[in-house]
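fold the following for me, if possible:
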Amino acid sequence: EGKVLFWNPAAERLFGFSEAGAMGMDFHQMAAPQVYHDKIYKGLKHFAKTGEGGVLGTTTEITARNRKGHEFPVEVTISSFQVDDEWFAVGTVRDITERKQSEEALKKSERRLKTILETANDGFFAVDNNQKIIEANPAMSKILGREREDITGKTTFDFVDEENRKILLKQIEMRTGGEKGSYEIALSRSDGSHVSCLFNVSVYLDENNEKIGAFAMVTDITERKLAEEAIKNSERRLKTILETADEGFQLINTNLEVIDLNPKMCTIMGREKDDVIGKTIFDFVDEENKKIFLEQIELRKQGISSAYEIALSRPDGSNVNCLFNVTPLFDENNERIGAFAMVTDITERKQAEEAMKESEARTRLILNSAGEGIFGVNAEGHVVFINPGAVNMLGFEEKELLGKKIHALIHHTRADGTDYPVETCPMYAA
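Here you go, the predicted model:
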């Protein structure tokens, strides 16, 4: 009949009825929601006649109701026994509210994780201890250029060549000890191409802390690798240019220490590269030229490029005259990190300029001391130089003649007063 014949303290706490209050009451009216009543009472009639029932000997999850009318999930196990011709049932009821809440929280967490993985830009895949892929997300399919069903069930070795297989084997050995890892590897795509990837791998452990597999977050770094290779190629080309350039190259940091220079710069300085690296630019100039460097450093602090002449000191005590073309260097945050200079040895040019000055001085001395009048004109007949003797003879001041057409000033007529055309003037013809 479903009446209570035994009621322990745990039942009191669970349903809110005292033992005295529960004894003799219809258990299903007390503890089962209305929605179950028809099915329960049909089952009771069958049980009373036969001792049989669909829930006997099993554990069933169902919703129960306490004295306050609050419903909660329970786990019910029912067994039966017979006394004379009458059947009785004994039930144990366990509140599984916390377990169900934990299960629901776990399901929500799994749904969130699945949503994250399904929409992530990075690839994800999981493997068992045999390296068999048991799960892969859409991004992983895109990275491999394959459908998901063409990935799961296969091993990681199916997507690498022999060279990258060695990398995998080494990493798998590391995972055996439960170690996490990050490494680069190239995966083979269905079209035969390779995609460079960064793997961040962690292991799966069971409740006994035994490894049962691993999972990896995978980033396609093909573009980054191509960019890195392009930078390396660019650096190699630049290095080749600088190594073979006929101009010196010098790179310094903000501490004014030389951090790089090319062979031509070593030749200009008369020093080995190792004797220059790590030293400051002041180690290679005298006090006079140090002042030039100090002035230029202030310009560099303002981010200004400039060209200037300076004399560097060689180990043998000689100086080499140089033309520095200097540009400041900045990082990605526009912070100054140093400067570089293209350096030309202008010693020969300076010597030629000095020789020319000396020659001009000697020529000027000769012209000024000559008793004859001497002057020179350019192709257009303009006076480019004239000595004191000529100035005195012609009755002009030097400034009145320099740059002027000499024919118009002193040859314009013949002795008889007729015009003297410039075309017939021997000086003009010359």
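
helices of the stretch 51-200 of the chain, residue ranges please.
Under the criterion DSSP state H, counting those that start in this stretch, helices of the stretch 51-200 of the chain are mapped to 97-119, 138-144, 162-176.

which residue, other than its chain neighbours, is closest to residue 68?
residue 16 (6.2 Å; C-beta to C-beta, 6 or more residues apart in numbering). C-beta coordinates here come from the backbone N, C-alpha and C atoms, glycine included.

quick check: closest non-adjacent residue to the residue nearest the centre of the chain.
In the chain, the C-alpha nearest the mean C-alpha coordinate belongs to residue 224, at 8.1 Å (C-alpha atoms, centre = their mean). Using C-beta to C-beta, 6+ apart and skipping residues adjacent in sequence, the residue nearest residue 224 is residue 196, 7.8 Å away.

can you give me the distance of residue 287 to residue 349?
Between residue 287 and residue 349 the computed distance is 24 Å (C-beta to C-beta, to the nearest Å).

these two: who's more crowded?
Neighbour count, other C-beta atoms under 10 Å: between residue 287 and residue 349, residue 349 has more, with 13 against 7.

against residue 307, how distant is that one?
14 Å.

repeat that for residue 172.
60 Å.

so those two - more neighbours on which side?
Neighbour totals were compared for residue 172 and residue 307, and residue 172 leads with 17 against 12 (other C-beta under 10 Å).

does residue 301 touch residue 336 like I think?
Yes - contact criterion C-beta atoms under 8 Å: residue 301 and residue 336 qualify, at 7.2 Å.

of those two, which one has the most company?
Neighbour count, other C-beta under 10 Å: between residue 301 and residue 336, residue 336 has more, with 15 against 12.

what's across from the more buried one in the sheet?
Judged by DSSP bridges, the bridge partners of residue 336 are residue 330.

just the pLDDT for it.
Residue 336 carries a pLDDT value of 93.

kindly report the same for residue 430.
64.

one more: residue 331?
Here the pLDDT value assigned to residue 331 is 91.

that one: neighbour count?
As a burial measure, residue 331 scores 9 neighbours (other C-beta under 10 Å).

doesn't residue 337 make contact with it?
Yes - here residue 331 reaches residue 337: they are 5.1 Å apart, a contact under C-beta under 8 Å.

now do the contacts for residue 383.
Contact analysis of residue 383 by C-beta atoms under 8 Å, 6 or more residues apart in numbering lists 375, 376, 377, 401, 402, 403, 404, 405, 406.

my error: substitute residue 79 in the last question.
Counting by C-beta under 8 Å, 6+ apart, residue 79 makes contact with 56, 57, 89, 90, 91.

make it 7 Å
By C-beta atoms under 7 Å, 6 or more residues apart in numbering, the contact list for residue 79 reads 56, 57, 90.

how near is the closest residue in space to the second one that isn't next to it in sequence to residue 348?
Take residue 57 and drop its neighbours on the chain: the residue closest to it by C-beta to C-beta, 6+ apart is residue 79, 6.5 Å away. Here residue 79 is placed at a distance of 113 Å from residue 348 (C-beta to C-beta).

ditto for residue 402
Residue 402 is 32 Å from residue 348, by C-beta to C-beta.

which one's more surrounded, those two?
Shown here are residue 402 and residue 348; by other C-beta under 10 Å, residue 402 has more neighbours (14 against 9).

average pLDDT for the one helix or strand the residue nearest to the centre of the chain maps to?
In this structure, residue 224 is located in helix 222-244 according to DSSP states H and E. In this model, helix 222-244 carries a mean pLDDT of 88.

and the angle from the helix or strand that it is followed by to helix 222-244?
Counting by DSSP H and E, the next helix or strand C-terminal to helix 222-244 is strand 248-253. Taking axes from the mean of the first three to the mean of the last three C-alpha atoms, to 10 degrees, one finds strand 248-253 and helix 222-244 inclined to each other by 130 degrees.

which residues does strand 248-253 contact?
Strand 248-253 is contacted from outside by 242, 258-262, 264-265, 268, 281, 337-343, using C-beta under 7 Å, 6+ apart.

hey, C-alpha coordinates of it in PDB?
This file holds the C-alpha atoms of strand 248-253, laid out as PDB (Å, rounded to 0.1, in the frame of the first residue of the first chain):
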ATOM      1  CA  GLY A 248      83.600  52.400 -43.700                       C
ATOM      2  CA  PHE A 249      80.600  51.500 -41.500                       C
ATOM      3  CA  GLN A 250      80.300  51.900 -37.800                       C
ATOM      4  CA  LEU A 251      77.500  51.200 -35.400                       C
ATOM      5  CA  ILE A 252      77.300  52.500 -31.800                       C
ATOM      6  CA  ASN A 253      74.900  52.300 -28.900                       C
END
